[in-house]
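J.: Please work out how this folds:
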Amino acid sequence: MNIRKILVSQPKPQSDKSPYYDIEKKYEVELDFRPFIRVEGLSSKEFRQQKISLPDYTAVIFTSKGAVDHFFRLSEEMRYQVPDTLKYFCSSESIALYLQKYTLYRKRKIFHGPTGKFDDLIPVLQKHHKENYLFVVSDVNKDNLAGLEKSKLRYTRAVMYRTVPNEFSNDDFNYDMLLFFSPEGIKALLKNFPDFQQGDVRIGCFGAVTAKAVKDAGLRLDMEAPTVKAPSITAALDQYLAEVNGAPAATEET
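T.: Prediction:
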């Protein structure tokens with residue numbers, strides 16, 4: 001069965017040059033961008049229930065741009081004046097650069113891992129082992145704790161935002177393929193549709209953790225990224241549609 005309508009469980013790309021649009025045109029498919037989950041920030045009252053005193057920490061760990069936003073939002077709401085001496089450790093360079101939205105970028109106080117993987121950030125953290133780290137996370141984030149525990153660094157996990165399922169109805173849920181990017185997306189699918197039967201619906205995902213969540217839910221995983229030949233979800237989708245729908249006919253140049 002050919003694939004005609006695909007749900008991409010992410011926000012719509014802001015750039016018209018997104019590879020998704022090339023795929024849409026190339027294979028004459030319809031892509032619908034609708035996240036299964038959304039992020040909500042904790043209120044200052046909710047955060048205080050964790051009994052975390054922000055002035056006690058000398059450094060902050062970020063693994064997403066959302067974590068950066070919510071840290072500075074809560075700091076403002078709680079009237080915590082972020083000191084110039086505070087150090088920031090980011091899992092990727094893009095997150096480190098994003099900090100320029102809130103603070104002056106100086107290499108002596110902003111650090112990032114070499115690859116974007118959290119485990120590769122830990123050696124950077126260990127070079128600053130005297131710091132007292134605040135690790136900003138969401139309510140469902142339990143990853144990376146094993147590496148931190150082994151490092152024996154002083155850190156506190158601070159939940160500053162939560163993930164909430166978006167609601168769908170049976171009337172507007174008619175897709176040939178679903179693309180997922182997190183285990184929370186799988187949970188949201190099953191919460192919205194507890195009687196979901198996969199049948200001919202294809203499921204693709206990005207990341208090993210998400211792939212495991214698909215299989216643990218008893219669903220069939222038809223497409224997975226990254227792979228050696230498909231390092232991105234769009235590359236994997238391009239290859240998969242070529243296999244299922246057939247390679248598009250070459251157009252003659254005029």
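
J.: how about the helices in the stretch 151-254 of the chain?
T.: Using DSSP state H, counting those that start in this stretch, the helices of the stretch 151-254 of the chain run over residues 183-192, 208-216, 233-244.

J.: Show me the one of these that comes nearest residue 119.
T.: Counting by CB to CB, residue 119 lies closest to helix 208-216 out of the helices of the stretch 151-254 of the chain; the figure is 13.4 Å. In short, each C-beta sits where N, CA and C put it, glycine included.

J.: low-confidence ranges in the stretch 151-254 of the chain?
T.: Residue ranges of the stretch 151-254 of the chain with pLDDT under 70: 249-254.

J.: For it, which segments are assigned as strands?
T.: Using DSSP state E, counting those that start in this stretch, the strands found in the stretch 151-254 of the chain span residues 154-165, 177-180, 202-206, 223-225.

J.: closest to residue 67 out of these?
T.: strand 154-165 (6.9 Å).

J.: what lines up beside that closest one in the sheet?
T.: The strands beside strand 154-165 in its sheet (DSSP bridges) come out as strand 37-41 (antiparallel), strand 132-138 (parallel).

J.: winner for burial among those strands?
T.: Among these, ranked by average contacts under mean count of other CB atoms under 10 Å, first place goes to strand 132-138 (a mean of 21).

J.: Show me how far that strand is from its chain's centre.
T.: Relative to its parent chain, strand 132-138 has a centroid offset of 17 Å by CA atoms, centre = their mean, to the nearest Å.

J.: Please apply the same query to stretch 157-169.
T.: On CA atoms, centre = their mean, the centre of stretch 157-169 falls 12 Å from that of its chain.

J.: What of stretch 77-92?
T.: With CA atoms, centre = their mean, you get 22 Å for stretch 77-92.

J.: likewise stretch 110-119?
T.: Centroid separation for stretch 110-119 versus its chain: 16 Å, with CA atoms, centre = their mean.

J.: Ignoring the adjacent residues along the chain, who's closest to residue 173?
T.: The shortest distance from residue 173 to any non-neighbouring residue, by CB to CB, 6 or more residues apart in numbering, is to residue 193 (7.1 Å).
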